[in-house]
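Colleague: okay, predicted coordinates and the sequence, questions at the end:
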Amino acid sequence: MQHDFILLDRSGSMESMWVEALSSINAYVAQLAVDKVDTGVTLATFDYNIGGISFDIIRDRITPPTWAAVISKECTPRGGTPLNDAIVRLVSLARVGGYDKVAIIIMTDGHENQSREDRTGVIAKGMLAECRAKGWQVIFLGADFDNTKQAEFYGNAATQSFVASGGQVVNSMRSTANKRATYGVTGQSMSYSAEEKAEMAKKTPTEAP
């Protein structure tokens with residue numbers, strides 16, 4: 001049994017990337033449907049507001065062919081980035097599903113800054129290590145943000161994290177879905193070559209200085 005968990009940073013700084021971020025998630029699931037990946041998809045967003053973390057399940061165990069496109073009316077950027085706490089909650093969901101193969105995709109545009117339950121990130125890092133030990137795939141996507149140090153902190157290999165510049169996020173998620181399809185069939189790790197990472201990090205002509 002397979003499942004995909006997508007964790008989306010909805011902190012206020014994501015506003016300029018928000019439409020593209022949602023479009024990329026919809027494109028990812030659409031490509032899973034094209035590739036006939038037998039999985040369910042759960043999308044969770046997170047931020048920090050007065051009172052603590054907001055961790056919201058936007059789509060829960062949806063099969064790719066029945067996915068309804070996520071739109072901005074359902075969730076908008078706001079608040080801070082309690083990334084450690086959000087990872088702990090997402091992995092906790094994954095743990096109870098009895099899944100054989102899991103892909104966890106974490107999309108952020110900045111660093112941890114407001115976790116209260118796992119302030120140091122030690123718990124989140126340990127939980128992700130347990131995921132990798134099961135052969136589950138953990139992917140860090142930096143939305144127009146160099147997430148190299150972030151991914152390293154959580155124990156990710158360099159080949160399983162990448163930066164997608166503005167204008168490249170949708171295509172990068174389609175490519176990720178293709179890799180996800182291969183993982184589902186063969187168990188091959190989802191990874192990105194240096195050439196692929198360089199291409200996804202390229203600025204579009206309208207963004208070039």
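Modeller: Done, it's in.
Colleague: quick one: low-confidence parts of this protein?
Modeller: 205-209 (pLDDT under 70).
Colleague: if you go through it in chain order, where are the strands?
Modeller: Taking DSSP state E, the strands of the chain run over residues 2-9, 40-49, 52-62, 101-108, 137-143, 161-164.
Colleague: other SSEs contacting the second one?
Modeller: Translated: strand 40-49. If you count contacts as 3 or more CB pairs under 8 Å, 6 or more residues apart in numbering; DSSP states H and E, strand 40-49 packs onto strand 2-9, helix 18-34, strand 52-62, helix 83-95. For the C-beta atoms, the positions are set from N, CA and C on the backbone; glycine is no exception.
Colleague: repeat that for the fifth one.
Modeller: Using 3+ CB pairs under 8 Å, 6+ apart as the contact criterion, the elements in contact with strand 137-143 are strand 101-108, helix 122-133, helix 148-153, strand 161-164, helix 169-186.
Colleague: now with 6 Å?
Modeller: When contacts are defined as 3 or more CB pairs under 6 Å, 6 or more residues apart in numbering; DSSP states H and E, strand 137-143 packs onto strand 101-108, strand 161-164.
Colleague: report the buried residues of it.
Modeller: 137-143 (16 or more other CB atoms under 10 Å).
Colleague: many thanks, I have nothing further to ask.
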